[in-house]
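*Asks:* For reference, the sequence and a predicted model appear below.
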Amino acid sequence: MTTLAILTAAGSGTRLGRDLPKALVTLDGFPLVVHAARRLASSGVVDSLVVTCPAGLDAVVRDIVAQDPHVDLPVRVVEGGATRQASVAAGLALAAPDDDVVLVHDAARPLAPPQLVRRVVAAVRAGHRAVVPGLPVTDTVKRIAPRDAATQAPVGPPVDRVVETPDRALLRAVQTPQGFDRALLERAHAGGAARSGSEGLAATDDAGLVEALGAAVHVVAGDAAALKITTERDLLVAALLLQEES
Ligand code: CTP
Ligand code: MG
């Protein structure tokens, strides 16, 4: 039985605002997607890799990932879809019969360490069929109501009404890689397929689709190094983390 990793790299990186897709932006001289693929490979628990790529960039992404000497795994590339959810579904369609565990990881988390990958896979192989890494939350988090024009004052800044303050001790900020029993992930994507076409409806993580089935999702300890690159500031933080590593 084998573990497939789907590495999502098909996003455009709008919030980063560069003139190339975020996964191809370099950090310490290497594209984010290469950093992420190297760490998946060096975990020792991944058997093959499917990378989702932006339209028209299959050959480029295949070359930079498959030819990297530190990515000693079979690599396939598939064009992603309109949303992350659609991209993962496209990757999942390439799972081989022997792939019983599937990891889904974002190229936008290039420094997720091999130990984290191993922890997620170990929890899935121990019988938890959907596993996400998560970190305790340091901010107090408020849930707000959808913004309502009627509650705005005629002057001053826009405001949102707070609905509740969840107990912070019971909150986790979740990361990738997320790990799944392959059959469960396939059912979850089939169940949520109708949502996959539009950014406003699509799931932002795969565990959310599993939850929508009513199936259990479990959290293992996350890692601060698995931070998500969204803005230029995140790239600066990642560069500092890499310096610390070396
Ligand atoms: N992703 C994908 N297919 C999409 C959208 C996103 O494979 N249609 C991937 C991204 O490449 C990224 C991960 O999903 O690795 C998380 O997405 P996000 O951080 O939102 O990246 P982008 O969508 O590229 O960034 P932005 O939302 O700022 O455009
Ligand atoms: Mg996005």
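*Replies:* Nice, I can see it. Ligands and ions are numbered 1, 2, ... in the order given.
*Asks:* Buried by neighbour count: which residues of the biggest helix by length in the chain qualify?
*Replies:* Across the chain, the longest stretch assigned as helix under DSSP state H is helix 232-245. By neighbour count on 16 or more other CB atoms under 10 Å, the buried set for helix 232-245 is 234-235, 238, 242. Yep, even glycine has a C-beta here, placed from its N, CA and C like the rest.
*Asks:* Could you do stretch 200-213 as well?
*Replies:* Neighbour-count burial for stretch 200-213 flags 202-203, 205-210 (criterion: 16+ other CB under 10 Å).
*Asks:* Does at least one residue of that stretch sit close to ligand 1?
*Replies:* No: applying CB under 6 Å from any ligand atom, one finds stretch 200-213 separated from ligand 1 by no less than 8.0 Å.
*Asks:* same check, this time on stretch 81-100
*Replies:* Yes: judged by CB under 6 Å from any ligand atom, stretch 81-100 comes into contact with ligand 1 through 81-84, 87.
*Asks:* What of stretch 109-127?
*Replies:* No: no part of stretch 109-127 sits near ligand 1 under the criterion CB under 6 Å from any ligand atom; the closest distance found is 7.5 Å.
*Asks:* Now tell me what touches that stretch from outside.
*Replies:* Residues outside stretch 109-127 that contact it (CB atoms under 8 Å, 6 or more residues apart in numbering): 3, 27, 32-33, 35-36, 39-40, 42-46, 101, 103, 105, 130-133, 175-181, 218, 220-223, 225-229, 238, 241-242.
*Asks:* repeat that for 6 Å
*Replies:* 3, 32, 35-36, 39-40, 42-43, 45, 101, 131, 133, 176-177, 179, 220, 223, 225-226, 228, 238, 241 (CB atoms under 6 Å, 6 or more residues apart in numbering).
*Asks:* Would you write a PyMOL line that selects the buried entries of those residues?
*Replies:* Buried residues within the contacts of stretch 109-127, by 16+ other CB under 10 Å, are selected in PyMOL with:
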select buried, resi 3+32+35+36+39+40+42+43+45+101+131+133+176+177+179+220+223+225+226+238
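*Asks:* Next step: the contacts of stretch 109-127 restricted to strands.
*Replies:* 3, 101, 131, 133, 179, 220 (DSSP state E).
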